[in-house]
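Undergrad: Make a model of this:
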Amino acid sequence: MYTGRLKEISGLEDLFAAILTLKDVDECFRFFDDLCTVAELKAMGQRYQVAGMIVQGSKYEEIERKTGASSATISRVKRFVEYGSGGYHLAYQRHQAQKAEQERAAHQGGEAAQDQPGSDSTP
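TA: Residues are numbered from 1 along each chain as shown. Coordinates of the predicted model:
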């Protein structure tokens, strides 16, 4: 259970609960378009991308080149990846698992279509 510094910020628990009610990425786009500025969303997206690259073991120079993040941003994200509340790792691991499952399902769906009678996969 999270007991960190954000627990005391008024309105955050309701905000997070509202986010959890969103059903898909399209609903997230709509909600965050209303909630945040483009600059805030770009910053959050960049930090998440930087965190993923840090988890994968990428070097600062590569992260800077691919994301456009400053070395200060990379350093700050790295500190939270390594010593934070575990949120980056939790989200990154779940997101990667979800993407792998979707790829597996798409691959299996393609194989099933090829096995169907009348498909054009016969040599």
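Undergrad: Contact partners for the closest residue to residue 60 other than its chain neighbours?
TA: Once flanking residues are discounted, residue 60 sits nearest to residue 74: 5.5 Å by CB to CB, 6 or more residues apart in numbering. Bear in mind the C-beta positions are built from the backbone N, C-alpha and C, glycine included. Applying CB atoms under 8 Å, 6 or more residues apart in numbering to residue 74 gives the contacts 50, 54, 60, 63, 64.
Undergrad: how far away is residue 74 from residue 8?
TA: In this view, residue 74 and residue 8 are 28 Å apart by CB to CB, to the nearest Å.
Undergrad: Relative to residue 44, how far out is residue 36?
TA: From residue 36 over to residue 44 (counting by CB to CB), the distance is 8 Å.
Undergrad: host element of the residue nearest to residue 60?
TA: helix 71-83 (DSSP states H and E).
Undergrad: in the helix or strand that comes right after that helix, what counts as buried?
TA: Downstream of helix 71-83, the next assigned helix or strand under DSSP H and E is helix 87-115. Neighbour-count burial for helix 87-115 flags 88, 92 (criterion: 16 or more other CB atoms under 10 Å).
Undergrad: tell me the angle helix 87-115 makes with helix 71-83.
TA: With axes from the mean of the first three to the mean of the last three CA atoms, to 10 degrees defining the directions, helix 87-115 sits at 90 degrees from helix 71-83.
Undergrad: From the contact counts, what lies against helix 87-115?
TA: helix 38-55, helix 71-83 (3 or more CB pairs under 8 Å, 6 or more residues apart in numbering; DSSP states H and E).
Undergrad: before we move on, the earlier item: list the buried ones in the helix holding residue 74?
TA: Buried, per 16+ other CB under 10 Å, within helix 71-83: 73, 74, 77, 78, 81.
Undergrad: Quickly find the element holding residue 23.
TA: Under DSSP H and E, no helix or strand contains residue 23.
Undergrad: these two touch, right, residue 89 and residue 52?
TA: No. Counting by CB atoms under 8 Å, residue 89 stays clear of residue 52, with 10.3 Å between them.
Undergrad: Overlap of the contact sets of the two?
TA: When contacts are counted by CB under 8 Å, 6+ apart, residue 89 and residue 52 have no shared neighbour.
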